[in-house]
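S.K.: take this sequence and fold it.
(chains A and B)
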Amino acid sequence: MKKRLVYVLLSVGLLVMSAPFLWMALSAFKTSSELTASPPVWIPTEWTLDNFSALLDKLDLPLYFMNSVIVAVLVTVSNLVFCSMLGYALAKLNFAGKNKIFGLVLGALMVPGNLMLLPLFVLMSKLQLIDSYAALVLPFAAGAFGVFLMRQFMQSIPDELLEAARMDGAGEWYIFWRIVMPLVKPALATLSIFTFLGSWNNFVWPLIATNDPDKYTLPVALATFATDPNKSGGSNGMLMAGSFLIVLPVLIVFAVLQRHFTQGIATAGMK
Amino acid sequence: MSTTSTKTEKVARAAGVRAATGSAGPGRGRKQGSKRGSMGVQNFAGWLFSTPFLVLFTVFMAFPIVATLLMSFTDFGLRNVTHPLEANFIGFENYTKLFSDEKFLKALFNTAYFVVIGVPLTILLGLVVAVLLNNGIDRARTFFRVGFYAPVVTSIVAVAVVWRFVLDPSDGLIAGLFSEVGLTAPDFLGDEKLAMPSLIAMAVWRNLGTVMVLFIAGLQAIPTEVREAAKLDGAGMWQEFRAITVPLLRPTLLYATVITTIGYLNVFEEPFVMTQGGPSDSTLTVSLDMYREGFNFFHMGYASAMAYVLFVVIMGITVLQLRLLKDNTK
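M.R.: Predicted coordinates for the structure are as follows:
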């Protein structure tokens, strides 16, 4: 009996949580008359791809998709390398200044990103990097969260293993790449997913760092389109189609790899 | 924080001991190192492994943090983007101006409103879902967890666009629900009184999943023996929740509250995409005001002062929360 109540409560909750997604997915396939019908139509009677083709006519989605992919891949790879390196040093090496660096990482976790926007924009303008991939990637090339995550995972590797390798004459670089990195593959997977999605969904900085529409990432292109009635013509159909295309790949990837997400959040939360 | 640092120290000490005993053995193959040799190698390696992060950190974080502070004492404007050093020092003028700027005070109030209503709702609902998922659901747990967490991973811009449509008074989802029962839906985003609550509802919807996952991890860390002991002592469900779950979840509660508060104090995307701060600035938040002053009007010195006021508020509230919630554990 009690179990049944729990199931009912959770199902109602889940329905509320997924309603906006369902509404978006269904609306993307509605005709314009059904989109504006009152009372609203829930399920399209006539499924159409018109919204998608209209959107593709107005927005160069493949271009924005590629921009988002390139930026997210570069950000992810650099985070994997640099965060793991520092994570290894903090977890497994004993060196002067280590505690200070760890303090710096913890401090960096707490600083809101908005605080850096203005000088970063000036810096990128001075370096003439506005509208370049470099401007989109560099400020996110290594994050404190990644360092923290990798350090937490690497601490669980037994020191005896590394000592044995050291006695066999292995250098720290070799130990890091050949012994530690293969052992923390699950953590690397978690960090890649987080970083990739973080970059994929990032909005404020790409909005500031790009003026040329050819360098927009997907969210910037969609937001610019959505907030400018001259462009979208107030067409909810096109906007739902656009949202659908941005959200769907993410939801699929997430559903497949969800274990890594929860693991990552939990690790960061437990400290 | 304090538990973390003591843990770190312990680990550091342990590592130190092991490193010393390690090198007192047959010695390192390459160097036949003494104690000092091994330490030297680790010192060198440690800094080498830290360098890339530190360089990026310095250029893209430390420098901007300091630069924002310096800019906040100047009249940094559009022409200074190309000639930063020609900005004029004007002391605290930006700051004094801020506190007589009605628009900014309104933004400050709106942000506080968002946090004060949004954070407790997010934490409470996240906790409820976590407890439900932890009690009695076994087979479908993953399914539900994925469903509740899904909004967290999706693009805020796409989600905000969808919500704008969901809340649309003429053809939105909510309007549809209202008309099914013969009512007319209010214009959620067009009404000064309803716009902010609508944004809060969306934020709660979006962030509940993060809090839920944290609480699930926290709940699973509670040993079942403790629960069973409580049951043997005749504790009911509510008593068990109050006497065991809540106290043992305190560290998780603290962490969840702090990160949610920091996130909500920075709220930007929701009003940017959904309302552009309107109607009549009723959803103008500090971050949105800062963005506009800085990047639309290029009052960058003024915007920097805003950024620092927000930063100080965030630090103050975080420290306060850490202290309040820690004291309760005693």
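
S.K.: off-centre distance for the helix-or-strand element of chain A with minimal mean pLDDT?
M.R.: None of the helices or strands of chain A scores lower by mean pLDDT, DSSP states H and E than helix A:229-232, at a mean of 68. The chain centroid and the centroid of helix A:229-232 are separated by 28 Å, computed with Cα atoms, centre = their mean, to the nearest Å.

S.K.: residues in contact with it?
M.R.: Here helix A:229-232 makes contact (Cβ atoms under 8 Å, 6 or more residues apart in numbering or on different chains) with A:58, A:224-226, A:238-239. Every residue, glycine included, has its C-beta placed from N, CA and C.

S.K.: again, but for stretch A:188-199
M.R.: With contacts defined as Cβ under 8 Å, 6+ apart, stretch A:188-199 is touched by A:68, A:71-73, A:75-76, A:79-80, A:83-84, A:140, A:143, A:145-146, A:149-150, A:181, A:250, A:253-254, A:257, A:260-261, A:263-264, A:267, B:153.

S.K.: mean confidence score for that stretch?
M.R.: What stretch A:188-199 shows for mean pLDDT is 90.

S.K.: do you know how far whichever residue of the stretch 151-271 of chain A sits closest to chain B is from B:Asn43?
M.R.: Here the stretch 151-271 of chain A gets closest to chain B at one residue, A:Gly169, 2.6 Å apart by Cβ to the nearest Cβ. Shown here: A:Gly169 relative to B:Asn43, a distance of 19 Å by Cβ to Cβ, to the nearest Å.

S.K.: more crowded one of these two?
M.R.: B:Asn43 (17 against 11; other Cβ atoms under 10 Å in any protein chain shown).

S.K.: how close does that one sit to B:Pro64?
M.R.: B:Asn43 is 30 Å from B:Pro64, where distance means Cβ to Cβ.

S.K.: output stretch A:27-41 as CSV, nothing but the C-alphas.
M.R.: The C-alpha trace of stretch A:27-41 is given here as CSV (Å, rounded to 0.1, in the frame of the first residue of the first chain):
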residue,chain,number,x,y,z
SER,A,27,4.6,21.3,-30.8
ALA,A,28,7.7,21.0,-33.0
PHE,A,29,5.6,18.8,-35.3
LYS,A,30,2.4,20.8,-35.3
THR,A,31,1.0,22.9,-38.1
SER,A,32,0.8,26.6,-37.6
SER,A,33,-3.0,26.5,-37.1
GLU,A,34,-2.7,23.9,-34.4
LEU,A,35,0.1,25.8,-32.7
THR,A,36,-2.1,28.8,-32.2
ALA,A,37,-5.4,26.9,-31.8
SER,A,38,-7.5,27.9,-28.8
PRO,A,39,-8.1,25.7,-26.8
PRO,A,40,-4.7,24.3,-27.5
VAL,A,41,-4.2,21.1,-29.3
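
S.K.: residues making contact with that stretch?
M.R.: For stretch A:27-41, using Cβ under 8 Å, 6+ apart, the contacting residues are A:44-52, A:235-237, A:240-241, A:243-244, B:165, B:170-173, B:175-176, B:179-180.

S.K.: which of these are buried?
M.R.: Buried residues within those, counting neighbours by 16 or more other Cβ atoms under 10 Å in any protein chain shown: A:51-52, A:235-237, A:240-241, A:243-244, B:165, B:171-173, B:175-176.

S.K.: which of those residues fall in helices?
M.R.: The helices, defined by DSSP state H, take in A:51-52, A:236-237, A:240-241, A:243-244, B:165, B:173, B:175-176 from these.

S.K.: A:Val180 reaches A:Lys92, doesn't it?
M.R.: Yes: counting by Cβ atoms under 8 Å, A:Lys92 is a contact partner of A:Val180 at 7.2 Å.

S.K.: now for the two: what residues contact both?
M.R.: With Cβ under 8 Å, 6+ apart, A:Val180 and A:Lys92 have common neighbours A:154, A:157, A:162.

S.K.: how about JSON lines for those residues, with neighbour count, pLDDT and secondary structure added?
M.R.: Output for those, formatted as JSON lines (neighbours: other Cβ atoms under 10 Å in any protein chain shown; pLDDT from 0 to 100; DSSP: H, G, I helix; E, B strand; the rest coil):
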{"residue": "A:Met154", "neighbour count": "22", "pLDDT": "93", "secondary structure": "helix"}
{"residue": "A:Ile157", "neighbour count": "16", "pLDDT": "91", "secondary structure": "coil"}
{"residue": "A:Leu162", "neighbour count": "24", "pLDDT": "92", "secondary structure": "helix"}
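
S.K.: ok, so of the residues you listed, who is nearest B:Leu132?
M.R.: A:Met154 (34.7 Å; Cβ to Cβ).

S.K.: if I look at the closest one, how far off is B:Phe44?
M.R.: According to Cβ to Cβ, A:Met154 stands 19 Å off from B:Phe44.

S.K.: excluding its backbone neighbours, what's nearest residue 226?
M.R.: Defaulting to chain A. The shortest distance from A:Ala226 to any non-neighbouring residue, by Cβ to Cβ, 6 or more residues apart in numbering or on different chains, is to B:Val161 (4.9 Å).

S.K.: other chain: chain B
M.R.: Excluding the flanking residues, the one nearest B:Val226 by Cβ to Cβ, 6+ apart is B:Ile244, at 5.9 Å.

S.K.: no further questions, thank you.
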